[in-house]
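J.: here is a sequence together with a model predicted from it:
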Amino acid sequence: MEIMQQALQIFYAISGLKINLLKSSVFGIGVDRDEVEGLGRHFGCKADSLPMAMSYLGIPVGARMNRIKEWKPLFNKLSKRLAGWNAKLLSIGGRLTLLSAVLGSLDCWKWSLEGKHIFTVRNVRHYIDRTSLTVSSPPTRWNPLIPKKVNMFIWRLLRNAIPTRMNLFARGIDVNTFMCVLCTAGIDFNDHLFGSCSFSIQVWKKLRSWLQIDDLSLALPHQMMAWLDTYHKEILEAIFFLWWWCFWKHRNNLVFEKEATSSKNVFSPIVSLSFLWMSSRCKSTIFSWPLWRISPRHLM
């Protein structure tokens, strides 16, 4: 018994896979029942005897899986997981996400889908994605000249997933007002904040003058991204990403710290942080702070 217990501990140390003895059973072939029960008490698992209906990860072993009744243990487990949810309150995407999460939380089990070999939960999730979900999101943009936190913010911004007051309300969170904290004349949502807010326009005018871009008007982020696609300059794209991130950060400072509204508080960090981050990340280009303060146009 001691050797067997040590073997299990060594297996766990090497593989990282720990055996759950509470869900395990010990069997004896040609061994007295009392000895089997003694082993069960020693290891802390159940003592069983053959023949019996064995199961692996909730699915009967050796059963005919083309019979509906053989799938009942799995259906019952899913029903218990979903019992506390009201499907009527969820959208189609929400239902699929919930089902995917429940299936993903179960241990990996195998089954046959459309009579084709063996599939896992991952295969089923991919099948649902291919047949039921439409993909409309643009490809993820990742700029190496700025930190990951800024790239992650841009990813959320382009998917309308940042916590504006309208988005919070849509998720069932109470907000005391829907008004934009920057201009107090519009609604706090993406299109207003980054497209038509009077404060955003002030910041854009300073930024456009610094970048020496006279032929571009303020537009929504995804429209700006389309314009950047034609320009093919990482430095310019990085400055735009930093602009949106600094703007959102200033907006949050107004909401949570009651900071004074000033376009300078947004524009100055864009200039200083862009120089700091890009000069340290772009080793192939020589950066000059006096020239950068005037305009980074000579590098674009």
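T.: Looks like it came in fine.
J.: okay, V26 and K18: tell me how far apart.
T.: V26 sits 17 Å away from K18 when distances are taken as C-beta to C-beta, to the nearest Å. The way it works is simple: take the backbone N, C-alpha and C, and place the C-beta from them, glycine included.
J.: what about these two, which has more around it?
T.: For V26 and K18, the more surrounded residue by other C-beta atoms under 10 Å is V26, and the numbers stand at 20 against 11.
J.: SS state for that one?
T.: strand (DSSP: H, G, I helix; E, B strand; the rest coil).
J.: make sure it is actually in contact with L39.
T.: Yes: counting by C-beta atoms under 8 Å, L39 is a contact partner of V26 at 5.1 Å.
J.: so what sits against both of these two?
T.: Both V26 and L39 are contacted by A47, under the criterion C-beta atoms under 8 Å, 6 or more residues apart in numbering.
J.: give the residue spans of this protein that score low on pLDDT.
T.: Residue ranges of the chain with pLDDT under 70: 1-2, 13-16, 50-66, 70, 78-96, 98-139, 232, 300.
J.: now the strands for it?
T.: 25-27, 46-48, 55-56, 59-60 (DSSP state E).
J.: how far off centre is stretch 5-21?
T.: Relative to the chain's own centre, stretch 5-21 is displaced by 32 Å; criterion: C-alpha atoms, centre = their mean, to the nearest Å.
J.: what comes up buried for that stretch?
T.: Residues of stretch 5-21 include none that count as buried (16 or more other C-beta atoms under 10 Å).
J.: likewise stretch 252-263?
T.: Within stretch 252-263, the residues scored as buried using 16+ other C-beta under 10 Å are 253-254, 261, 263.
J.: show me which of those is closest to I3.
T.: Of all those, the one sitting nearest I3 is N253; the distance, using C-beta to C-beta, is 64.1 Å.
J.: ok, the nearest residue to the closest one once chain neighbours are set aside - contacts?
T.: Leaving aside its sequence neighbours, N253 sits nearest to E259 (C-beta to C-beta, 6 or more residues apart in numbering; 4.1 Å). By C-beta under 8 Å, 6+ apart, E259 lies in contact with 250, 253, 265.
J.: can those go into TSV with extra columns for distance to Q212?
T.: Putting those into TSV (distance: C-beta to C-beta, whole Å) gives the following:
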residue	distance to Q212
H250	24
N253	29
N265	23
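J.: so which of these are in helices?
T.: 250, 253, 265 (DSSP state H).
J.: burial count for the closest residue in space to R165 that isn't next to it in sequence?
T.: Using C-beta to C-beta, 6+ apart and skipping residues adjacent in sequence, the residue nearest R165 is D188, 3.9 Å away. When counting by other C-beta under 10 Å, one arrives at 24 neighbours for D188.
J.: also the one 3 residues further on?
T.: Using other C-beta under 10 Å, D191 has 15 other residues around it.
J.: same check, this time on V150
T.: V150 has 20 nearby residues by other C-beta under 10 Å.
J.: what's it in contact with, if anything?
T.: Contacts for V150 were tallied using C-beta under 8 Å, 6+ apart; they are 143, 241-242, 245.
J.: before we move on, the earlier item: the residue nearest to R165 against L168, yeah?
T.: No: the pair D188 / L168 is not scored as a contact, 9.1 Å apart, by C-beta under 8 Å.
J.: how far away is K18 from L8?
T.: In terms of C-beta to C-beta, K18 sits 9 Å off from L8.
J.: how is the chain partitioned into domains?
T.: The chain breaks down into these domains under automatic domain parsing: 2-52, 62-132, 148-299.
J.: now the terminal residues of the longest one, how far apart.
T.: Between the opening and closing residues of domain 148-299 lies a distance of 23 Å (C-alpha to C-alpha, to the nearest Å).
J.: likewise for stretch 173-185?
T.: Its first and final residues considered, stretch 173-185 spans 22 Å by C-alpha to C-alpha.
J.: could I get the buried residue list for that stretch?
T.: 180-183.
J.: ditto for stretch 290-300
T.: Within stretch 290-300, the residues that count as buried by 16+ other C-beta under 10 Å are 292, 296, 299.
J.: would you list those residues in TSV and tack on distance to I162?
T.: Formatted as TSV, the buried residues of stretch 290-300 follow (distance: C-beta to C-beta, whole Å):
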residue	distance to I162
W292	29
P296	26
L299	29
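J.: now, which of those sits nearest L216?
T.: Using C-beta to C-beta, the buried residues of stretch 290-300 come closest to L216 at P296, 15.2 Å.
J.: okay, the buried residues of stretch 252-263 in CSV with distance to I173 next?
T.: Putting these into CSV (distance: C-beta to C-beta, whole Å) gives the following:
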residue, distance to I173
N253, 20
L254, 19
T261, 24
S263, 29
